[in-house]
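Visitor: Mind looking at a prediction? Sequence and model below.
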Amino acid sequence: MPEHLNGHIVSATGLSKRVSTAEGSLDILSGVNLEIKAGERVAIVGVSGSGKSTLLGLLAGLDSPTEGEVSLAGERLDRLDEDGRARVRAGRVGFVFQNFQLLPGLTALENVMLPLELAGAADAEDGARGLLTRVGLGERLTHYPRQLSGGEQQRVAMARAFAVKPAILFADEPTGNLDSATGARIIDLLFDLNREHRTTLVLVTHDESLATRCERHIHLDAGRIVQDR
Amino acid sequence: MRGPRHMRLAWRLLARDWHAGELRLLAAALVIAVGAVTAIGFFSDRLNRAMTWQSADLLGADLRLTGAEPVPADWLAAATEHGLRHVETLDFASVVVHGDKLQLTSVKAAAPGYPLRGTLRTAAVPYAPEADTGDMPAPGTVWAETRVWQALDLSPGARIEIGNAAFTVARVLTYEPGRGGSFFTMAPRVLMHRDDVAATGVVQPGSRVTYSYLFAGSDTDLARYQEWLKTRLGPHHRLFNVRDGGSSIGRALGRAERYLGLTSLLAVLLAGVAIAMGARRYSERHYDTAAMLRCLGATQRELVALFAPQFLLLGLIASTAGCALGWLTQEAVFYLLREVYPLRLPAAGLAPAGFGFFTGLLALTGFALPPLLRLRQVPPLRVIRRELAPLPPSAWLVYGFAAMAILILMWRFTGSLLLTAAVLAGSLAAAAALAAFAGGLLALSRRAHRRVGVAWRFGMNNLWRRARTSIGQILAFGLVLMAMAVIALLRTDLLNTWQTQLPPDVPNHFAFNILPQDVAATQGFFAQHRIPASDLYPMVRGRLTEINGRPVTQAVTKEEDGNEAIRRELNLTWSATLPSDNRVVHGAWWNDAAVANPVSVEEKLAQKLGIGTGDELTFSIGGSERRARVASIRSVQWDSFHPNFYMIFPPGALDDLPATYLTSFHLAPEQKPLLTSLVRSFPAVTVLEMDQVLAQVRTILAQVTAAVELVLLFVLAAGFAVLFAALATSLDERFHEGALLRTFGAGRRQLRAAHFAEFAVLGALAGVLAAIGTELIAWALYTRAFELEYHFKWPVWILAPLAGGLLIGLAGYLGTRRVVSRSPLSVLREL
């Protein structure tokens, strides 16, 4: 999406998320302001429960804020309903999750084809095949997720994430379920793909060393940004 | 993501889900549902056709029109235009002469093609073995009943005279379709060719001749023709069709249809529950898919557009398979029963298959749509926070859809919207009450659990933790057990009732024209040969002319104008006691009635003519007038094969009139030759053989019996679908739990015992619920629908909980075996 390369692909102003609990209301995020430029690589770091994943969900339009404004690819997500946000995501946003989120009934190839098919791509299979080969799984196309190791599953997830050539990729603890060696390889691959596709990367992690691979770090604590450098 | 591409993706997802085994449960439930419905549909369709055929056999046609004059030619032309076959017969009384002997006979002259349904049966000489024949008497010959042969002392080839013509007696006529009805007035039958009538010169203008027109064709053609005829019929015309009630066969057919309809409803309902469970599981297992698709940018509408065609395709495929299964099942069943059904059965029509498809798609819509629609509500955030599930659909949506589907299906089965609405409202209220009761039972069982072992306690704990699911399952299993119990009860009691209506020694012969002086001797004859016979009733023929001083013809409505009871002479009798198969429904019998010149009137005739107790009736008997006041109205069991009467007078009321006596008796096949000596000893006596008719009634009852037994199988199949759907619904959670527990050190045996305990308790509670439901339903059905005597069904209260506990415990044990056989690691890795 070259039109966003010079502008902000993501921006948030006064972003808050409050939930009701048995003990009363709880602020998970409060007054978050940030802007992410196209092509930027941003790590959102913080301890467990600091609100990292919630912030990622709001920035990606997976959830709506209690207060504040959030824009993605020039669209005001907080003004859109769920379907409207889905349309903004379609073809522009890729995701990589800690628990891979592969569909267990589909093969590796079919999992990668899915976003392409949803976007109506004519050559979904060729595209998916190429990407899987690129992530080193050219021989495992017809394997189901349960037949793949954790590292392999995450590679399939990455191939799926890059399949639609997204403008922005959201990664939520992508190595959280992997051993350190496999995690390191996965991260190398993620950054390689990111470079090749010139994708904006928003990476949520509690791993400081992983965060150092991004040029920008946003530290969250108790739902507030305490550091942005 | 639009249009064909959309469908392609839906199809691929369906295929992938199918390969992954995600759809098997739902498809299986649907196949069983449609299979059960279509099997029942095909089965009852064929059986109904067979029964209608057999009833038609008894009538000789599907439809019979009689009148005192020939019908206009265009009526027959219209019948042909309506696609019906038809044939004409003439009935008239005539004296037949052989040498110096005379016999009054009832002659039937039939055109070629007669009869349209059923076959004539003949024998070479009286009491010789009989055989079916497709022939008719050739011109110049006649076939005559045994009574004619005996009365005229005929031998094969003898020449007899009817009017001006002479005929050769070729065969003994032993059975004639359509011979029934008011047989007391019947003289023995002589059958001749229609073309010979003119030569006899017997039929002249003004002669008393009954013209009968027999019609046969498809149900729809017959219905259209009957509609066409309706406006054209004159007062002397009468229409008979195979569905006319009042006979054992009519009632047996009616009961069988009601019964099969009832069973179909149960099967549909059970299948619906299985589909709902299957769809819910499918939906829940696709939350992640839906969330991921939402993440990737699919809108709610696109999600529906992706999943709905999958369900539609699944519905079409499963319905096709279900129809095939239903068809094969009924074919197999009829093949297995070929000994029971020796006669050729009509092929099954396509209508049940169409209805099967309709049922499949409707059930899928009604029961699967609400869980399916839930998929579009899946929050995309679920990809990060897995515990997020869509809000449950509103109860109105879930139950509204299901109720609508059931309403439509029930309406199709019952044909009455009011009845359907009433039944449905009642069922919903009952379901709510039973759910509350199941909750109560569950709470009660909780109190007992401290006294049981660890495994049982764990199993029972499972029930309470999933209290809502457990209540739902108790209801579903309760329904299955209840269906089984109700059907088993009805099967036993209904069939017993039917069988006792026609005990082996039911009278199969009538003897009438017994002269007063022969009464004692006739009774002596029966006693001597140990022939069980009913009482002898005197019989005087008379015509009802006035009701409360008004001519009967004015008292009746237009459509009752043609009623035989008014037009023709009635058989009047007298009796001091009420016949055993009669019941006074209004007024009082002689002993308690203080009415001068009393008479007792049969209930249905009284209704038709608007006669009540206290009304004055005028009879014309033997040229003189008699007045009598209605003292009682009686219900009469016409199908008891005992002599029965519309009008009964007290003894002495008709003493001055010439009377003959009548009785019915049972003759075993080996006693058949006794008929000859009876007729020889009492030449005036006329014997009417009814054993053929009875044999046919018995065949029909045997078929109904078999139908009822087989239908039970389909309900069971639907019940098992529910059982396995319920098991599968909780399987994921059980896998997870089982893996965790085994990780913590629980043994396989302990887990298995816990699973058995959980399902056994569930089944036993369902059994208790089933017993309550069965008792209520049986009471309603026995007393309201089937007019049977009701008594407390105590065995159900023991058997239902026991069978429920064992059956469901075992099924649960078997169904959850995989939970303990897979390695905990492989289970936990998938989560």
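Guide: Here it is on my side, so go on.

Visitor: Beta-bridge partners for B:R121, please?
Guide: Beta bridges link B:R121 to B:D132, B:Y175, judged by DSSP bridges.

Visitor: And the helices in the stretch 551-700 of chain B, which stretches?
Guide: Remark: helices assigned in the stretch 551-700 of chain B by DSSP state H, counting those that start in this stretch are B:552-555, B:564-567, B:603-609, B:674-681, B:691-729.

Visitor: quick one: which of those has the weakest pLDDT on average?
Guide: Of all the helices of the stretch 551-700 of chain B, helix B:564-567 carries the lowest average pLDDT, namely a mean of 58.

Visitor: Can you name the residues that contact the nearest residue to B:F641 once chain neighbours are set aside?
Guide: Nearest non-adjacent residue to B:F641, counting by C-beta to C-beta, 6 or more residues apart in numbering or on different chains: B:P507, 4.5 Å away. The way it works is simple: take the backbone N, C-alpha and C, and place the C-beta from them, glycine included. For B:P507, the contact set (C-beta atoms under 8 Å, 6 or more residues apart in numbering or on different chains) comprises B:P532, B:A533, B:S534, B:F641, B:H642, B:S664, B:F665, B:H666, B:M690.

Visitor: So among those, which ones count as buried?
Guide: For the contacts of B:P507, a burial check counting by 16 or more other C-beta atoms under 10 Å in any protein chain shown picks out B:A533, B:S534, B:F641, B:H642, B:S664, B:F665, B:H666, B:M690.

Visitor: Next, find the distance separating B:A274 from chain A.
Guide: Applying C-beta to the nearest C-beta, to the nearest Å, the value for B:A274 to chain A is 22 Å.

Visitor: Which single residue of chain B approaches chain A most closely?
Guide: As assessed by C-beta to the nearest C-beta, chain A sits closest to B:G297 within chain B, at 2.4 Å.

Visitor: Check the burial of the closest residue to that residue other than its chain neighbours by counting its neighbours.
Guide: Using C-beta to C-beta, 6+ apart and skipping residues adjacent in sequence, the residue nearest B:G297 is A:A90, 2.4 Å away. The tally of other residues near A:A90 (other C-beta atoms under 10 Å in any protein chain shown) stands at 20.

Visitor: Can you tell me the element the spatially most central residue of chain A falls in?
Guide: Centroid-nearest residue in chain A, with C-alpha atoms, centre = their mean: A:F170, separated by 1.5 Å. A:F170 is part of strand A:168-172, with elements assigned from DSSP states H and E.

Visitor: What average pLDDT does that strand get?
Guide: On average, strand A:168-172 scores 92.

Visitor: pLDDT averaged over the next helix or strand after it - what is it?
Guide: Using DSSP H and E, the helix or strand that follows strand A:168-172 in sequence is helix A:180-197. In this model, helix A:180-197 has a mean pLDDT of 88.

Visitor: is any part of helix A:180-197 close to chain B?
Guide: No. Figure legend: helix A:180-197 not in contact with chain B (C-beta under 8 Å from any C-beta of the partner chain); closest approach 15.0 Å.

Visitor: For that helix, buried residues please.
Guide: Buried-residue list, helix A:180-197, by 16+ other C-beta under 10 Å: A:T182, A:G183, A:R185, A:I186, A:I187, A:L189, A:L190, A:L193, A:N194, A:H197.

Visitor: Could you look up the SS state of the residue of chain B closest to chain A?
Guide: Classification of B:G297 using DSSP: H, G, I helix; E, B strand; the rest coil returns coil.

Visitor: List the residues that contact the residue of chain A found nearest chain B.
Guide: Nearest to chain B, among the residues of chain A, is A:A90, at 2.4 Å (C-beta to the nearest C-beta). Taking C-beta under 8 Å, 6+ apart, we find A:A90 in contact with A:L118, A:A119, B:L296, B:G297, B:A298.

Visitor: Does B:A131 touch B:L120 like I think?
Guide: No. Using C-beta atoms under 8 Å, B:A131 makes no contact with B:L120, being 9.9 Å away.
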